[in-house]
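J.: here is my input, please return the structure:
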Amino acid sequence: MMTAPRYTARCSRSRTGSVARKGPTRLPYGGAGASVRLKLNKSIGIMVIPRQIPEVELMGALHIRNAGMDDAANVAAIHCASWRSAYAGILEQSFLDGAIEADRAALWHNRLANPQAEQIVLIAEETPVQPIGFLCAFGGVDQNWGSLIDNIHVLPSHRGQGSGARLMQTVATQLASRHPGRGIHLWVFEANEAGLRFYERLGGKVVEQDTSRIPAAKGAAVLRLHWPDPHRLLD
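T.: Residues are numbered from 1 along each chain as shown. I've put the predicted structure just below:
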């Protein structure tokens, strides 16, 4: 799953849309801007950083934890894989074929090296330490709509197995505690029908339509989904 950014990569609050299309995935990702050494894990087709992860929240076979600077390359690689799978036909193919890698590497290096106030970035991992998804949110950023889920992405090979819902539930718990009485919102490409269904199953309601600000989207329509009460995601 993922979000359909409405703004450019330099903006910390881009409008993003959920992913759920299936298709070929290209993951030749080294992670420009990352200062850590990577190793190719062929079982999931992604560059991963082998290391010990402390203070992990166990959720069945899935671990959810807060991301750190060492995760920048993995997060960027998952982001690229997710967009390439879900946004073919939505974003320009030339962007998906090349520029996306440097774009996402720079974004996640900057976000994790210099986290903004109320930024939350969660990593979903399977045992042994295998990153399969992530979520990024900004708490309480909008007076009307509340906290923003800016990105949620799961590897195409792991969609439909509950990891996206668990990421959403984990961040909803944190946001409900930090910003009581405030809602949650996100943006999804209107053409991303499977992603839209995913959010609606979790109780999100479409409240607004706009256009994406991502240059590669060429003004594609995006929808704002809203949860007035974060606890609705926990039902």
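J.: can we go C-alpha only for contacts and neighbour counts from here?
T.: Noted.
J.: which strand or helix spans the residue minimising distance to the centre of the chain?
T.: Centroid-nearest residue in the chain, with Cα atoms, centre = their mean: Ile152, separated by 2.3 Å. If you go by DSSP states H and E, Ile152 is part of strand 146-154.
J.: list the helices and strands that strand packs on?
T.: Strand 146-154 sits against helix 72-86, strand 130-142, helix 163-178, strand 184-189, with contacts defined as 3 or more Cα pairs under 8 Å, 6 or more residues apart in numbering; DSSP states H and E.
J.: how near is Arg197 to Val188?
T.: 10 Å (Cα to Cα, to the nearest Å).
J.: distance check, Gln116 against Gln143.
T.: Relative to Gln143, and taking Cα to Cα, Gln116 is found at 18 Å.
J.: try Cys80
T.: Distance from Cys80 to Gln143, counting by Cα to Cα: 31 Å.
J.: with Phe95 instead?
T.: In terms of Cα to Cα, Phe95 sits 33 Å off from Gln143.
J.: out of the two, which sits in the more crowded spot?
T.: Using other Cα atoms under 10 Å, the more surrounded residue of Phe95 and Gln143 is Phe95, with 15 against 9.
J.: verify the stated contact: the more buried one with Pro215.
T.: No: when contacts are counted by Cα atoms under 8 Å, Phe95 is not listed as touching Pro215 (9.6 Å).
J.: name the nearest residue to Glu208, sequence neighbours excluded.
T.: Excluding the flanking residues, the one nearest Glu208 by Cα to Cα, 6 or more residues apart in numbering is Arg224, at 5.1 Å.
J.: the helix or strand harbouring the one you found pairs with which strands, parallel or anti?
T.: Element membership for Arg224, per DSSP H and E: strand 221-227. Paired strands of strand 221-227, with direction, are strand 184-189 (antiparallel), strand 205-211 (antiparallel) (DSSP bridges).
J.: deepest of the ones you listed, which one?
T.: Of those, the one with the most neighbours on average (mean count of other Cα atoms under 10 Å) is strand 184-189, at a mean of 30.
J.: now find how far off-centre that strand is within its chain.
T.: 11 Å (Cα atoms, centre = their mean, to the nearest Å).
J.: now the helices and strands packed on strand 146-154 as a markdown table including mean pLDDT?
T.: Output for those, formatted as a markdown table (pLDDT from 0 to 100):
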| stretch | mean pLDDT |
| --- | --- |
| helix 72-86 | 96 |
| strand 130-142 | 96 |
| helix 163-178 | 96 |
| strand 184-189 | 98 |
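J.: nearest to Asn110, of the ones you listed?
T.: With Cα to Cα as the criterion, Asn110 lies closest to helix 72-86 of the helices and strands packed on strand 146-154, at 8.7 Å.
J.: if you count contacts, what does the closest one end up packed against?
T.: Using 3+ Cα pairs under 8 Å, 6+ apart: helix 72-86 touches strand 46-48, helix 100-113, strand 130-142, strand 146-154.
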